[in-house]
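Engineer: Sequence plus the predicted model coming up.
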Amino acid sequence: MADKLRVELTGVPETLLWNLYHRAAEARRPDGLLDDPRAVELVDAIDFPFERFGQPAMAQWHALRVLCFDRAVRRFMTAHPGGTVVALGEGLETQFWRVDDGRVRWLTVDLPETVEVRRRLLPDDPPRRRTLAGSALDLAWTDEVDADEGVFISTQGLLMYLQPDEVRSLIVACAERFPGGTLVFDAVPHFMAERSRRGGMNPGAAYQAPAWHWSLDPGEHRKVLEYSPKISGVRDLPYPRGRGLLRIAPLVGRIPLIRKLRMPIVEVRFAA
Ligand SMILES: C[S@@+](CC[C@H](N)C(=O)[O-])C[C@H]1O[C@@H](n2cnc3c(N)ncnc32)[C@H](O)[C@@H]1O
């Protein structure tokens, strides 16, 4: 077997390994929801003590989350053949290979330490698939986006780690620079962010994820709409159907006692 790549990340960049570990665990299951052989290959190619993360108990939930993003990207690709997907904070996501239609252009933007790892494991394939090293917040990446055929911005697992004013500025800048575009993000509800800041999300576990700073409750659309008059629509996307108890995942938004507990996945549309 070829030598594994030793990966030493800390803080927020390290969380990408947590996500990858869960996606790969779901993809390994014979009854798994996620068809993602590359995620499995990546985990097998990386020298990192994944056992620190414990049992991948959240694997199915991670799969439902990324499948919801995949559906949104596919809708965009159908409406905008040859359009550009910008994946901010993409980590070691392998979404491109799950959804590629042979035409989409893909720009990954992540911090330099993460991009160094990504480039070694998932080398660029220009002109359709490129990676930029830098913070999503410094906006240099916006100059690299070919917006002629439409733009879809995905921020999966990123905004909750940013400060509220950073999230607002980023969304406002995207609305201004990409008229007619779409941004999809996932968020944590306020109670979860508060608990994470008290260090209580994963009591007793060997791994403690960094605290979440920005949060949004399901249905809290007005807050996002008020960021900018260039935002024309905001809606929660339904999770796909899972197995077992998560069979009801698409309906959770309609069940009174639990609907406020879910992590919303939100689509933001920019005025043309
Ligand atoms: C929880 S991981 C999510 C990775 C991937 N999107 C996924 O869902 O598996 C957070 C990611 O955000 C990246 N990140 C953190 N701060 C960032 C910033 N200011 N700009 C761009 N990426 C950032 C980290 O390097 C990491 O890849």
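Structural biologist: Nice, thanks for sending it over. It should be emphasised that the depicted structure is a prediction, and the values quoted were computed from it without experimental measurement.
Engineer: all strands of the stretch 101-250 of the chain, in order?
Structural biologist: Remark: strands assigned in the stretch 101-250 of the chain by DSSP state E, counting those that start in this stretch are 105-110, 129-133, 151-155, 182-186, 231-236.
Engineer: Okay, now the sheet partners of the last one, with direction.
Structural biologist: Counting by DSSP bridges, the strands paired with strand 231-236 are strand 265-270 (antiparallel).
Engineer: what do you get for the first one?
Structural biologist: Strand pairing for strand 105-110, using DSSP bridges, gives strand 84-88 (parallel), strand 129-133 (parallel).
Engineer: Briefly note if that strand comes near the ligand.
Structural biologist: Yes: Strand 105-110 is in contact with the ligand by Cβ under 6 Å from any ligand atom, via 109-110. Glycine gets a C-beta too; all of them are placed from N, C-alpha and C.
Engineer: Distance of Pro37 relative to Ala209?
Structural biologist: Distance of Pro37 to Ala209, given as Cβ to Cβ, to the nearest Å: 26 Å.
Engineer: Name the residue in those two with the higher neighbour count.
Structural biologist: The neighbour count for Pro37 versus Ala209, taken as other Cβ atoms under 10 Å, is higher for Ala209 (17 against 14).
Engineer: ok, the more buried one to Ala136 distance?
Structural biologist: For Ala209 relative to Ala136 (Cβ to Cβ), the value is 19 Å.
Engineer: where do the helices sit along the stretch 51-200 of the chain?
Structural biologist: Taking DSSP state H, counting those that start in this stretch to define them, one finds helices in the stretch 51-200 of the chain at 59-79, 95-99, 112-121, 164-177, 190-197.
Engineer: buried stuff in the second one?
Structural biologist: Neighbour-count burial for helix 95-99 flags 95-96, 98-99 (criterion: 16 or more other Cβ atoms under 10 Å).
Engineer: Would you format the strands of the stretch 101-250 of the chain as a markdown table with mean neighbour count, distance to Glu51 and mean pLDDT included?
Structural biologist: A markdown table is the format used below for these (neighbours: other Cβ atoms under 10 Å; distance: least, Cβ to Cβ, whole Å; pLDDT from 0 to 100):
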| stretch | mean neighbour count | distance to Glu51 | mean pLDDT |
| --- | --- | --- | --- |
| strand 105-110 | 24 | 25 | 98 |
| strand 129-133 | 17 | 29 | 98 |
| strand 151-155 | 25 | 29 | 98 |
| strand 182-186 | 23 | 26 | 98 |
| strand 231-236 | 16 | 35 | 97 |
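Engineer: Pro164: which of those strands is closest?
Structural biologist: When these are compared by Cβ to Cβ, strand 182-186 sits nearest Pro164, at 13.4 Å.
Engineer: Let me know the angle separating that closest one from strand 84-88.
Structural biologist: Per axes from the mean of the first three to the mean of the last three Cα atoms, to 10 degrees, the angle that strand 182-186 makes with strand 84-88 is 30 degrees.
Engineer: check whether strand 182-186 contacts the ligand.
Structural biologist: No: Strand 182-186 stays clear of the ligand (Cβ under 6 Å from any ligand atom), getting no nearer than 8.3 Å.
Engineer: quick one, that strand and helix 164-177 angle?
Structural biologist: Going by the same axes, to 10 degrees, strand 182-186 makes 160 degrees with helix 164-177.
Engineer: Identify the neighbouring strands of strand 182-186 in the sheet and state each direction.
Structural biologist: Applying DSSP bridges, one finds strand 182-186 paired with strand 151-155 (parallel), strand 265-270 (antiparallel).
Engineer: Format those as a markdown table; extra columns: distance to Arg243.
Structural biologist: Below are the strands paired with strand 182-186 laid out as a markdown table (distance: least, Cβ to Cβ, whole Å):
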| stretch | distance to Arg243 |
| --- | --- |
| strand 151-155 | 25 |
| strand 265-270 | 19 |
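Engineer: Rebuild these as TSV, extending it with distance to the ligand.
Structural biologist: Formatted as TSV, the strands paired with strand 182-186 follow (distance: least, Cβ to the nearest ligand atom, whole Å):
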stretch	distance to the ligand
strand 151-155	8
strand 265-270	12
